[in-house]
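>>> Next one to model:
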Amino acid sequence: MKLVQMRLGVSVIALLFACLAQAHERSESTSHWTLVGGELHGVITARTREVTRLTVPGDSYASLAQIFAAHVQRSIAASVDGAPCRQRQAPALLESEQGYVRVDVRMQCPAGDVLALKVDLLFGVAPSHHHFLYVAAGDSSREAILSAAEPSTEIALRASASRESNILQFVEMGIEHIATGVDHLAFLLALLITARTARQVLAIVTGFTVGHSITLSLAVLGVIQANRGAVECLIGLTIAMAAAQNLIRGEREGRVAGLAAAAIAASLLLIPADLRPDMPASLVIAIALATGSAIWLSSMSRQRPARTNGDLAAFSNPSRFAMAAGFGLIHGLGFASALQDLHLPRAMLLSSLLGFNVGVEIGQLAVVVAAVAVIAITARLVPVTQRRADMSAAAASAALLAAGLAWFLTRAY
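Numbering: from 1, shown residues only. Modelled structure (predicted):
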């Protein structure tokens, strides 16, 4: 009965989560600021889909980038010891990757001891929006997470930040990133739906940690580079694949699901090349073949429980670890973008990477613990049969499959 209750609890959480996922996708932006000789220089980065929140239906007088630049000019304020900084020029557009917009801001500030910076970008149109900010001024530096409740931060210009405080700030940033990362959490839930024991949960969580830690570290340290639009698109595909594999009960269904997955991935070729996120046709075809093959092969290697005919497919612990680790490599590249946009000095990379990764793990474990708590409450209040538990798991997997496909296809534009 404990197995049934655990499966039902995770399924209910995943079903509710998937139904709300599309409406509550993570909303965030970043900025990097330096203050040298009284000149405050900032580079602000946001996704273009975030900028669409600022538009009004029928507006066509300017591009999204121009709309965002004009909005930045109205939404940024800085002061030193209460004396306002003045803008030296209108915010200028910078070259950016497809799917992103980047704006250059330059202000002249008076001398003083405390710099106050307010970045009220998208809080009015997206109350759940979070802005990750890094400020460097001489020997002082500060990282902050701004929100609608706290849209400003301060930095003492004549004090040096300690290593410990920097690490703690990045730990907070990592926790915030995973907590608002709806797509990353959806992927974890898709894997946990078929978990039967604590060892299987451990295999999934450990695999995901190993996978995303590798690519997060390599990307932040500059060893590898990846197109952000392509990474965001592939994250949606990992969710869809993980959910689809929960619904496959044999090799025959695996072949059909593999062909369907390959066809969906190949459908990106229908999008004009100049609109795809820097994904040439050869890469799209490779992704389609790899996706179909992975689903088909996993259906051949999974374990079938002997005591029931209607249960969802089960995986061995090594298979769970490998799947979570392999897909985690893609999610790690998504995590890395938050740190890369801050343009941290090389001397801070290791400490910031360590703190951020620790924060991500804390957030991830908190989600698992919260899920277990909800499962325990559900088990006491809503006793159910094995059949209902399996139906809930199948419904949750189907909902997560739909959410993953929606992210995959919409992020390709």
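>>> ok now stretch 202-212, how far from the chain's centre?
Its chain's C-alpha centre and that of stretch 202-212 lie 16 Å apart, by CA atoms, centre = their mean, to the nearest Å.
>>> low pLDDT regions in the stretch 51-200 of the chain?
The model of the stretch 51-200 of the chain has pLDDT under 70 over residues 55-62, 159-166.
>>> if we go to 80?
Scanning the stretch 51-200 of the chain for pLDDT under 80 picks out the ranges 55-62, 98-99, 138-140, 158-166, 180, 194-197.
>>> can you give me the helices in it?
Remark: helices assigned in the stretch 51-200 of the chain by DSSP state H, counting those that start in this stretch are 64-75, 163-179, 182-192, 198-220.
>>> Check which helices and strands the shortest one is in contact with.
Spelled out, that is helix 182-192. When contacts are defined as 3 or more CB pairs under 8 Å, 6 or more residues apart in numbering; DSSP states H and E, helix 182-192 sits against helix 2-21, helix 198-220, helix 228-246, helix 317-340, helix 349-381, helix 386-410. All C-beta atoms are positioned from the backbone trio N, CA, C, and that covers glycine.
>>> Look up how far residue 262 lies from the nearest residue to residue 398 once chain neighbours are set aside.
Nearest residue to residue 398, sequence neighbours excluded (CB to CB, 6 or more residues apart in numbering): residue 247, at 6.9 Å. Remark: distance between residue 247 and residue 262 (CB to CB, to the nearest Å) = 17 Å.
>>> the more surrounded of those two?
Taking other CB atoms under 10 Å, residue 247 and residue 262 do not tie; residue 262 has more neighbours (21 against 15).
>>> Residue 257 touches residue 243, doesn't it?
No: counting by CB atoms under 8 Å, residue 257 stays clear of residue 243, with 10.8 Å between them.
>>> higher neighbour count, these two?
Shown here are residue 257 and residue 243; by other CB under 10 Å, residue 243 has more neighbours (27 against 20).
>>> for the stretch 201-350 of the chain, which spans come out with low pLDDT?
In the predicted model, the stretch 201-350 of the chain carries pLDDT under 80 at residues 245, 247-262, 264-265, 267-284, 286-320, 343, 347.
>>> one step back: in a markdown table: the helices and strands packed on helix 182-192, plus distance to residue 267.
As requested, the helices and strands packed on helix 182-192 are arranged in a markdown table below (distance: least, CB to CB, whole Å):
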| stretch | distance to residue 267 |
| --- | --- |
| helix 2-21 | 21 |
| helix 198-220 | 26 |
| helix 228-246 | 12 |
| helix 317-340 | 19 |
| helix 349-381 | 32 |
| helix 386-410 | 8 |
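>>> Those helices: which one's closest to residue 30?
The minimum distance between residue 30 and these falls on helix 317-340, with 6.6 Å, by CB to CB.
>>> quick one: buried residues of the closest one?
For helix 317-340, the neighbour count (16 or more other CB atoms under 10 Å) marks 317, 319-325, 327-340 as buried.
>>> tell me the angle that helix makes with helix 198-220.
Using axes from the mean of the first three to the mean of the last three CA atoms, to 10 degrees, the direction of helix 317-340 lies 30 degrees away from that of helix 198-220.
>>> can you pull the contacts of residue 85?
Contacts for residue 85 (CB atoms under 8 Å, 6 or more residues apart in numbering) come out as 40, 78, 79, 107, 108, 109, 110.
>>> which one of these is nearest residue 347?
Looking across these and measuring by CB to CB, the closest to residue 347 is residue 40, at 21.5 Å.
>>> in this protein, which residue is closest to the centre?
Nearest residue to the geometric centre of the chain (CA atoms, centre = their mean): residue 181, 4.2 Å.
>>> now stretch 105-119, how far from the centre of its chain.
In terms of CA atoms, centre = their mean, the centre of stretch 105-119 is found 31 Å from the chain centre.
>>> just to revisit the earlier point, phi, psi of the residue nearest to residue 398?
Taking degrees, to the nearest 10, you get phi -100, psi 0 for the backbone angles of residue 247.
>>> ditto for the one 10 residues further on
Per-residue torsions, residue 257: phi -60, psi -40 (degrees, to the nearest 10).
>>> Let me see the domain layout of the chain.
In the domain annotation for the chain, the residue ranges read 2-24+181-410, 28-162 (automatic domain parsing).
>>> Deepest in the core, which of the ones you listed is it.
Most buried of the domains of the chain, by mean neighbour count (mean count of other CB atoms under 10 Å): domain 2-24+181-410, with a mean of 19.
>>> In contact with the closest residue to residue 47 other than its chain neighbours: list those residues for me.
Using CB to CB, 6+ apart and skipping residues adjacent in sequence, the residue nearest residue 47 is residue 100, 5.8 Å away. If you count contacts by CB under 8 Å, 6+ apart, residue 100 has them with 45, 46, 47, 48, 228, 229.
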